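Requesting a structural model of the entry that follows:
(3 chains)
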Amino acid sequence: MEDFTERVVKLLKEVPAGTVASYGQIARLAGNARAARQVTRILHSMSRKHGIPWHRIVNAKGEIVISDGETAFEQEERLRDEGVPVIGGKRVDMERYRWDPGFDGEEW
DNA sequence: CGAATGACAATGT
DNA sequence: TACATTGCCATTC
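Predicted structure coming up:
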């Protein structure tokens, strides 16, 4: 049993390229359905310097809602590069590219 | 230790 | 679809 943060980081690394996952989805898989906001904090804080694929994480509607314009743009570019079309500069087809883990809550 | 904070979510209008 | 509200909870101050 690790900290919520640790688990979130692990889950993020499990997200395959070409798919996107929502903050809430990650939070739920990590064990806390309501800790979506912590996932945001973790990403904002850990991201770059920790080799975490933060760009595959968008909000529940499949939109990029990052407050920092530059970071948001980088995410958009990376997603396109992985095969995920970004509509209107900030949206992806959630139904189609949503990450679908085979399990429900990691490997327990 | 109490209050503020946030790359969100869910619901209502 | 867009905007406003309210709820949430770990981390920071």
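
how deep is A:Asp3 tucked in, by neighbour count?
Here the number of neighbours of A:Asp3 (other CB atoms under 10 Å) works out to 9. Using the backbone N, CA and C atoms, a C-beta is placed for each residue, glycine as well.

What are the neighbouring residues in contact with it?
Contacts for A:Asp3 (CB atoms under 8 Å, 6 or more residues apart in numbering) come out as none.

distance of it from DNA strand C?
Look at A:Asp3 and DNA strand C: by CB to the nearest atom of the strand, to the nearest Å, they are 5 Å apart.

Check A:Phe73 too.
From A:Phe73 across to DNA strand C, the span is 18 Å (CB to the nearest atom of the strand).

in what helix or strand does that residue lie?
Element membership for A:Phe73 (DSSP states H and E) is helix A:69-81.

and whichever helix or strand comes after that helix, does that touch DNA strand C?
Heading C-terminal from helix A:69-81, the first helix or strand you meet, by DSSP H and E, is helix A:94-97. No: counting by CB under 7 Å from any atom of the strand, DNA strand C is not contacted by helix A:94-97; separation bottoms out at 9.7 Å.

check whether helix A:94-97 contacts DNA strand B.
No: Helix A:94-97 stays clear of DNA strand B (CB under 7 Å from any atom of the strand), getting no nearer than 10.1 Å.

Identify each buried residue in that helix, please.
A:Met94, A:Tyr97 (16 or more other CB atoms under 10 Å).

Wondering if whatever helix or strand A:Ile26 lives in reaches DNA strand B at all.
Assigned by DSSP H and E, A:Ile26 falls within helix A:23-29. Yes: contact of helix A:23-29 with DNA strand B (CB under 7 Å from any atom of the strand) involves A:Tyr23, A:Gly24, A:Gln25.

Can you tell me what sits against that helix?
By CB under 8 Å, 6+ apart, helix A:23-29 touches A:8, A:11-12, A:33-40, A:43, A:57-60, A:98-99, A:101, A:104-106.
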